[in-house]
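Chemist: sequence below, structure please.
(one chain, ligands or ions: 1)
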Amino acid sequence: MTGHSQPEYTDFDIAIVTGGSKGIGRATALRLAKEGANVVINYSSDASAADEVVNLIGADRSLAVKADAGNIAELERLVTETVTKFGKIDILVPNAGVMLMKDLETTTEHDFEMSMALNIKGPYFLAQKAAPHIAPGSHIIFLSTTLCATSTVTPNYLLYVTTKGAVEQMTRVMSKDLARKGVSVMLGKSEQVFKMIAGFSPQNRIGTPEEIADVVAFLSGNGSKWITGQTVRVNGGMA
Ligand SMILES: NC(=O)c1ccc[n+]([C@@H]2O[C@H](COP(=O)([O-])OP(=O)(O)OC[C@H]3O[C@@H](n4cnc5c(N)ncnc54)[C@H](OP(=O)(O)O)[C@@H]3O)[C@@H](O)[C@H]2O)c1
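Modeler: Take a look at the predicted model:
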């Protein structure tokens, strides 16, 4: 951690989690808050779920911001509201994503553009807009999927895995770009929700959001400062 005036935040400081009101994002927001972070909870439509997370963390240490994480202008506002309330950004988790089950034949232009906007354009430009407010020693953690590495992936994941493949390359090269600022960029790969997928796992089960959040918390802390540009597979040995 660098330059923080509140000593109780020894490892974690100001975090933004897009899609932080549900699923992996919610578990990550709560885990980072447990470690001492102030957390901005981004969501797109369900204010009550976001408010619930804010209430759990405490309104003095948390903020809910409604913004489309696939829209650059709205992401810029998310950054502005974060910096206005908390002054800077130490941990960026562009977690919000969409998984449309589309193979080549069934993908429409709208499906493609929507998936690219939320899964790629949003994380890319959120990092760009946040970068001026990110101090050396900070962390950006993107989310991918184990399906990028499994040979058993089925054709209806084509569109989704195409977007996450781009995120993996973005992570690899952005880490070199932001290394000049001392910022580490990493990627957590999580497993699929569907029961069927559990059968592909050596442990015969799917992971929990909390198990993903544990790894994001590690990647967000000082203990991971010599890791950057890596894909960390959080999948129980599935791939
Ligand atoms: N779940 C898995 O097994 C799995 C597997 C591999 C990878 N991942 C990746 O992990 C990430 C989280 O997945 P998840 O399954 O936890 O997601 P999820 O449960 O579907 O996440 C929902 C959250 O995302 C928000 N959201 C949706 N669209 C948004 C938008 N356009 N702008 C801002 N926020 C938006 C929702 O807010 P509202 O409710 O207000 O709309 C809510 O907070 C994704 O990137 C996903 O691809 C997940």
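Chemist: below-threshold pLDDT in this protein: ranges please.
Modeler: 1-12, 189-198 (pLDDT under 70).
Chemist: need the longest strand for it.
Modeler: strand 134-145 (DSSP state E).
Chemist: check which helices and strands that one sits against.
Modeler: strand 89-93, helix 122-130, helix 158-179, strand 184-190, helix 209-220 (3 or more Cβ pairs under 8 Å, 6 or more residues apart in numbering; DSSP states H and E). For every residue, glycine as well, the C-beta is placed using N, CA and C.
Chemist: which strands and helices sit next to the first one?
Modeler: Put plainly, it is strand 89-93. Partner elements for strand 89-93 (3+ Cβ pairs under 8 Å, 6+ apart): strand 14-17, helix 23-34, helix 72-86, helix 122-130, strand 134-145, helix 209-220.
Chemist: the ligand contacts on this structure?
Modeler: Contact residues (Cβ under 6 Å from any ligand atom) of the chain with the ligand: 18-25, 42-46, 49, 68-70, 95-97, 99, 118, 143, 145, 190-193.
Chemist: for the residue nearest in space to the middle of the chain, which non-adjacent residue is closest in space?
Modeler: The centroid of the chain falls nearest to residue 95 when counting by Cα atoms, centre = their mean (2.8 Å). Taking Cβ to Cβ, 6 or more residues apart in numbering, and ignoring the residues beside it in sequence, residue 95 has residue 25 as its nearest neighbour in space, at 4.2 Å.
Chemist: equivalent analysis for residue 22, please.
Modeler: Take residue 22 and drop its neighbours on the chain: the residue closest to it by Cβ to Cβ, 6+ apart is residue 49, 5.7 Å away.
Chemist: return the distance of the closest residue to residue 210 other than its chain neighbours relative to residue 20.
Modeler: Setting aside the residues directly before and after it, residue 210 is nearest to residue 27 in space (Cβ to Cβ, 6+ apart), at 4.9 Å. Residue 27 is 9 Å from residue 20, where distance means Cβ to Cβ, to the nearest Å.
Chemist: between these two, which is the more surrounded one?
Modeler: It is residue 20, of residue 27 and residue 20, that has more neighbours when counted by other Cβ atoms under 10 Å, with 32 against 23.
Chemist: surely that one and residue 49 touch.
Modeler: No. With contact defined as Cβ atoms under 8 Å, residue 20 and residue 49 do not form a contacting pair (9.5 Å).
Chemist: common neighbours of those two, please.
Modeler: Common neighbours of residue 20 and residue 49 are listed as 26, 43 (criterion: Cβ atoms under 8 Å, 6 or more residues apart in numbering).
Chemist: now the nearest residue to residue 79 once chain neighbours are set aside: how far from residue 154?
Modeler: Excluding the flanking residues, the one nearest residue 79 by Cβ to Cβ, 6+ apart is residue 129, at 4.7 Å. Note on residue 129: its distance to residue 154, by Cβ to Cβ, is 36 Å.
Chemist: next: residue 103.
Modeler: Residue 103 is 8 Å from residue 154, by Cβ to Cβ.
Chemist: swap in residue 90?
Modeler: 39 Å.
Chemist: who's more crowded, those two?
Modeler: residue 90 (27 against 12).
Chemist: you'd agree that one is up against residue 16?
Modeler: No. Between residue 90 and residue 16 there is no contact under Cβ under 8 Å: 9.4 Å.
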